[in-house]
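sequence isn't available, so here's the structure alone:
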């Protein structure tokens with residue numbers, strides 16, 4: 001997914017892990033793994049370092065692509081990772097200037113595929129979330145209906161008990177009580 005926020009870059013960056021090699025004058029300068037990639041360059045990690053502002057060829061293989069992609073660019077950053085890692089990992093940034101052959105079109109197509117995959121994954125996640133929420137809502141509604149039904153049943157039994165108690169009291173009490181005779185004074 002493209003980075004958002006205070007990013008002022010002209011192209012979206014995508015979190016993609018691809019092995020790459022940097023070459024300068026036909027010699028391999030360093031190897032590493034990309035951290036993110038865009039049509040304008042890469043940010044990557046490597047165990048070796050190189051000089052900044054050095055002209056390089058960045059070579060990497062795109063998944064499902066037959067030939068390696070070659071981009072000509074400049075190393076704009078090569079510094080130890082922050083916080084410093086004990087194995088000496090370097091953070092490398094390469095700015096692309098041009099691509100060999102149809103490299104830019106291939107990279108653009110690859111990045112669009114990543115974007116579409118991420119969108120479909122997000123949509124699937126939202127659908128699954130909506131289904132879980134709907135299922136939870138249905139369970140809560142069923143539980144509320146059960147509680148109401150139990151409450152109604154308790155009230156019905158209580159009314160029956162009270163009515164039975166009234167009948168029993170009415171049966172025990174004699175109907176017309178004889179009046180006490182008043183004694184003449």
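The structure has been received and is ready for your questions. Because the structure is predicted, anything quoted here is derived from the model rather than measured.

what ranges does the chain have for its helices?
Applying DSSP state H to the chain gives helices spanning 103-172.

so where's it uncertain?
1-10, 173-185 (pLDDT under 70).

give me that answer again for 50
For the chain, the stretches with pLDDT under 50 are 1, 3, 5.

contacts for stretch 98-116, please.
For stretch 98-116, contacts defined as Cβ atoms under 8 Å, 6 or more residues apart in numbering pick out 1-2, 12, 14, 16, 37-39, 62-63, 65, 69-72. Just so you know, the C-beta spots here come from the backbone N, C-alpha and C atoms, and that holds for glycine as well.

change it to 10 Å
1-2, 11-16, 18, 37-39, 57-60, 62-73, 96 (Cβ atoms under 10 Å, 6 or more residues apart in numbering).

what residues of that stretch count as buried?
99, 103, 106, 107, 110, 111, 114 (16 or more other Cβ atoms under 10 Å).

how about stretch 112-131?
residue 114.

gap between that stretch and the chain center?
10 Å (Cα atoms, centre = their mean, to the nearest Å).

and which of the buried residues of stretch 98-116 is nearest to residue 86?
Nearest to residue 86 among those is residue 114, at 32.0 Å by Cβ to Cβ.

on that earlier part again, pull out the buried members of the contacts of stretch 98-116.
2, 12-14, 16, 18, 37-39, 57-60, 62, 69-71, 73, 96.

of the residues you listed, which belong to strands?
Those of the buried ones among the contacts of stretch 98-116 mapping onto strands are 37, 38, 57, 58, 59, 60, 69, 70, 71, 73, 96, per DSSP state E.

how close does residue 171 get to residue 165?
From residue 171 across to residue 165, the span is 11 Å (Cβ to Cβ, to the nearest Å).

got it, and residue 38?
82 Å.

ok, now residue 84?
83 Å.

follow-up on the earlier one: quick one: which of the buried residues of stretch 98-116 is nearest residue 140?
Looking across those and measuring by Cβ to Cβ, the closest to residue 140 is residue 114, at 38.6 Å.
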